[in-house]
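>>> Quick one: sequence plus predicted model below, questions after.
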Amino acid sequence: MPDISRLEAVRLDDSAGELVILDQTLLPGEVKYLRLRDLESVWLAIRTLQVRGAPAIGIAAGFGAYLAAKWSPAADCAGLKRDFARAKERLASSRPTAVNLFWALERMASCLDRNAGGTAGDARRALLAEALTIQAEDVAMCRSMGENGLALLEPGFGILTHCNAGQLAASRYGTALAPIYIGHERGYGFRVFADETRPLLQGARLTAFELQAAGVDVTLICDNMASMVMKKGWVQAVIVGCDRVARNGDVANKIGTSGVAILARKYGIPFYVCCPSSTIDMDCPGGAHIEIEERDPGEVAEMWYAKRMAPAGVKVFNPAFDVTDNELVTAIVTEAGVLRPPYETAFAGLFAARKP
């Protein structure tokens, strides 16, 4: 097994002018890094899930936005801003649901605006510093989320997770898996159940892969086995990540998450969501306002099979995410602490405390 601590989902090779990503579509069978040298290859990598997970997408977008400025032939800030605006619009079209994508792009745009009064070289250097700061902050936030989430758990807990919200989805530790990794470092002896997460199998290909590589006790289950393992008393907590949190606490995460939350409520198991505060979208009033990405029907009918496993021509519904109602969420774990209902009040307090 590879050393998981050495795997990087996304990094910048500034001297080469390249974004380097771990191609997650090839895992667990092949560990391969791609070197992306133009805007379209960055767009495609995000769109096709070669890089995925809300924090990692944000980091990739930050680096992609910087590289668009680096690749631009513009000699002055006016031309640089025009080229940057086109790149920003293109990157924003790659995936509609993960708010970290748009958060990172807006942050990079604000950086460029603040530094547009100098030379194009000064602006490019400022964008590089901002993109590197986004990545460094992600590492610190994931560690803090891990500490805050661990306080909700006890040694020996059985934990169920859905999709992949670990190191492969961020710079280090991840979001939902951060408490598991830190607990593992401290000898908590967690037993983790990883949903396979149809149709893209992120739980099977990614979560099971990275937890096993880290030496965590992990058991892979099909999505429709969650009820059985809960009923047997094997699960004491559910921990998931998310791609967007609405102002009222509704949570958009990988398809199937809402079903897990409903089962957890049935069996009296706490359901925790781990996310950086950048994933909280205060401009979105509720889950009904979150755009849900719909993906290629072939992911359901053909992908991962030696031959097609559904009748030719059959209709396929393939939403990438669903929304878990806030009433099913026991707590939302951020880098700033554990937030509990009513979420709109908790979020308002979180962001008010940060205002200068």
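Nice, thanks for sending it over.
>>> got the contact list for stretch 136-147?
The contact list for stretch 136-147 (Cβ atoms under 8 Å, 6 or more residues apart in numbering) reads 55, 58-59, 170-175, 178-179, 181-182, 274-277, 333-336. Every residue, glycine included, has its C-beta placed from N, CA and C.
>>> Which residue ranges make up each domain of this structure?
Following automatic domain parsing, the chain resolves into domains at 4-140, 143-352.
>>> Let me have those domains in JSON lines, adding mean neighbour count and mean pLDDT as columns.
Formatted as JSON lines, these follow (neighbours: other Cβ atoms under 10 Å; pLDDT from 0 to 100):
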{"stretch": "domain 4-140", "mean neighbour count": "19", "mean pLDDT": "95"}
{"stretch": "domain 143-352", "mean neighbour count": "20", "mean pLDDT": "97"}
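>>> Just to check, Thr207 is in contact with Asn164?
Yes - assessed by Cβ atoms under 8 Å, Thr207 is found in contact with Asn164 at 4.6 Å.
>>> Mind listing the shared neighbours of these two?
Common neighbours of Thr207 and Asn164 (criterion: Cβ under 8 Å, 6+ apart): Thr197.
>>> Check for me that Thr219 belongs to a strand.
Yes - judged by DSSP: H, G, I helix; E, B strand; the rest coil, Thr219 forms part of a strand.
>>> That one bridge partners, please.
Judged by DSSP bridges, the bridge partners of Thr219 are Phe193.
>>> Leu160 in helix, strand or coil?
On the three-state scheme (three-state DSSP), Leu160 is labelled strand.
>>> Identify the residues contacting it.
Contacts for Leu160 (Cβ under 8 Å, 6+ apart) come out as 192-195, 226, 229-230, 235, 237-239, 260, 269.
>>> Kindly provide the distance from the nearest residue to Ala9 once chain neighbours are set aside to Arg172.
Spatial nearest neighbour of Ala9, chain neighbours left out: Ala56 (4.5 Å); criterion: Cβ to Cβ, 6 or more residues apart in numbering. Counting by Cβ to Cβ, to the nearest Å, the gap from Ala56 to Arg172 is 11 Å.
>>> ditto for Val245
For Val245, the distance to Arg172 (Cβ to Cβ) stands at 22 Å.
>>> try Ile290
The gap separating Ile290 from Arg172 is 27 Å, by Cβ to Cβ.
>>> Send me the strand or helix carrying Leu44 as PDB with only the CA atoms.
Assigned by DSSP states H and E, Leu44 falls within helix 39-47. Written as PDB, here are the backbone C-alpha positions of helix 39-47 (Å, rounded to 0.1, in the frame of the first residue of the first chain):
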ATOM      1  CA  LEU A  39      -7.000  26.300 -18.600                       C
ATOM      2  CA  GLU A  40      -9.000  23.700 -20.500                       C
ATOM      3  CA  SER A  41      -7.100  20.800 -18.900                       C
ATOM      4  CA  VAL A  42      -7.800  22.300 -15.400                       C
ATOM      5  CA  TRP A  43     -11.500  22.700 -16.300                       C
ATOM      6  CA  LEU A  44     -11.600  19.200 -17.500                       C
ATOM      7  CA  ALA A  45      -9.900  17.800 -14.400                       C
ATOM      8  CA  ILE A  46     -12.500  19.400 -12.200                       C
ATOM      9  CA  ARG A  47     -15.400  18.500 -14.400                       C
END
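>>> Show the subsequent helix or strand relative to it.
helix 54-71.
>>> so who does the residue lying closest to Ala68 once chain neighbours are set aside touch?
Nearest non-adjacent residue to Ala68, counting by Cβ to Cβ, 6+ apart: Ala87, 3.3 Å away. By Cβ under 8 Å, 6+ apart, the contact list for Ala87 reads 39, 64-65, 68-69.
>>> and which of those is nearest to Glu344?
Proximity of the contacts of Ala87 to Glu344 (Cβ to Cβ) peaks at Ala65, which lies at 30.8 Å.
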